[in-house]
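Engineer: let me see the structure of the following:
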Amino acid sequence: RKMPSTPTVAAGTTGEIFFEYTNVKVARQLVQRAAEIFDQIDVDRSGGLERNELMGRLRLPIADGGWGYAEYQVDDFIKEADSDGNGTVDREEFTRAAAR
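Structural biologist: Numbering: from 1, shown residues only. Below you'll find the model as predicted:
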């Protein structure tokens, strides 16, 4: 859905329209940030993240640029994100899961 260039009032209040506009903008920013993180993790540039690549980044402490996940949390993330079941998490799968 295309974001309106000029908000209009339609059967609601201005606050509702602003809220919808803000959610779309925030969602786009989350997807963009997730794609950037994917590129940082995909060190072999294969287009897919394997378990070892995800473990290397997601298990790092937050202070070191990681997510501070335990090993089981990384495995849960992979199970949730790997929608085609091929054992790797591609860019689309990663951005969808990370932006949730």
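Engineer: now do the strands in the chain.
Structural biologist: 48-49, 89-90 (DSSP state E).
Engineer: residues contacting the first one, please?
Structural biologist: This points to strand 48-49. Applying CB atoms under 8 Å, 6 or more residues apart in numbering, the contact partners of strand 48-49 are F38, I41, D42, N86, T88, V89, D90, F94. For every residue, glycine as well, the C-beta is placed using N, CA and C.
Engineer: what's the local residue count around the last one?
Structural biologist: Spelled out, it's F94. Counted with other CB atoms under 10 Å, the neighbours of F94 add up to 25.
Engineer: could you number the chain from 555 rather than 1 from now on?
Structural biologist: Done: numbering now begins at 555, and the last item shifts to F648.
Engineer: now the residue lying closest to it once chain neighbours are set aside: how far from K633?
Structural biologist: Closest residue to F648 apart from its sequence neighbours, by CB to CB, 6 or more residues apart in numbering: F592 at 4.7 Å. With distances taken as CB to CB, to the nearest Å, F592 is found 18 Å from K633.
Engineer: so for the two, which residue has more residues nearby?
Structural biologist: Relative neighbour count places F592 above the other of F592 and K633, with 22 against 10, counting by other CB under 10 Å.
Engineer: now do the same end-to-end measure for stretch 605-625.
Structural biologist: 10 Å (CA to CA, to the nearest Å).
Engineer: swap in stretch 630-642?
Structural biologist: Stretch 630-642 has its terminal residues 13 Å apart, counting by CA to CA.
Engineer: what sits up against it?
Structural biologist: With contact meaning CB under 8 Å, 6+ apart, stretch 630-642 is reached by 600, 602-605, 608, 612, 623, 643-644, 647-648, 650-652.
Engineer: could you list the low-pLDDT ranges of this protein?
Structural biologist: Residues of the chain meeting the criterion pLDDT under 70: 555-576.
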